[in-house]
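Peer 1: Predicted model and sequence follow; I will ask about them next.
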Amino acid sequence: MRKVSLTKTQAIVVISAFLLITFLVALHAVSVSIAERKRRMAFDNLNATALTRISELGVLKYRYTDVMELNRRFVVGGPSTSLVRFSGVVKAGIPDVTKIRANFDQSKNTVRIFVPRAAIIDNTVDVSSVKIWDIKRNIFVPITTELKLQEISSFKNKVERELELSGFLLEADSRDEELIKSLFAGFGASITIAR
């Protein structure tokens, strides 16, 4: 076996290289550990749950189903076409029943109840009802899942606006008035509702 002799400068270079490689390996291990911790925190945030107390009074429900055709075109390869079918429910009512106030006037035997205006309290798409058919595919213009979800969200907002314009909330107002009057009917007093 042959002995290797190094000059002082060569020994310093070898030791420096060894220390540099050791430092880089340690730095990589620390950065991987930090990245893993951040990934776990992000994953934990995705699975976070919360219990929140609510005081909603839902009085009206509207169910809808729609089929949308999504088209995208590109010069090369032709169009991409997908059909998306989904169902959803819009609920209207009083968002916070703690804001309902009742005043009883014994001398007149009347109950005056202040009730806030009805609002849309929920608009959800049933994810189990979502069906997607990719009719034509073009690799140059794919119809992404994100685009499909954006279109569903846009349709939900459109349904909400159309319901508001069609008198859905006015109907919810009269329904909640009917329900609240029935709750106080057992007192035998005259009931008036104020908004």
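Peer 2: That came through, no problem.
Peer 1: Distance from the chain centre to the lowest-mean-pLDDT helix or strand in the chain, please.
Peer 2: Here the helix or strand of the chain ranked lowest by mean pLDDT, DSSP states H and E is helix 8-46, holding a mean of 80. Centre-to-centre, helix 8-46 and its host chain are 39 Å apart (C-alpha atoms, centre = their mean, to the nearest Å).
Peer 1: got the contact list for the helix or strand following that helix?
Peer 2: For helix 8-46, the succeeding helix or strand toward the C-terminus, using DSSP states H and E, is strand 57-72. The contact list for strand 57-72, computed with C-beta atoms under 8 Å, 6 or more residues apart in numbering, reads 79-94, 97, 118, 121-122, 129, 138, 141-143, 147-148, 151-152, 155, 159, 163, 168, 171-172, 175-176, 179. For glycine as for every other residue, the C-beta is placed from the backbone atoms N, C-alpha and C.
Peer 1: How far does strand 57-72 sit from its chain's centre?
Peer 2: 16 Å.
Peer 1: Please name the strands paired to it in the sheet, noting orientation.
Peer 2: With DSSP bridges as the test, strand 57-72 is paired with strand 80-94 (antiparallel).
Peer 1: Now do the buried residues in stretch 115-132.
Peer 2: 115-116, 118, 120-121, 123, 125 (16 or more other C-beta atoms under 10 Å).
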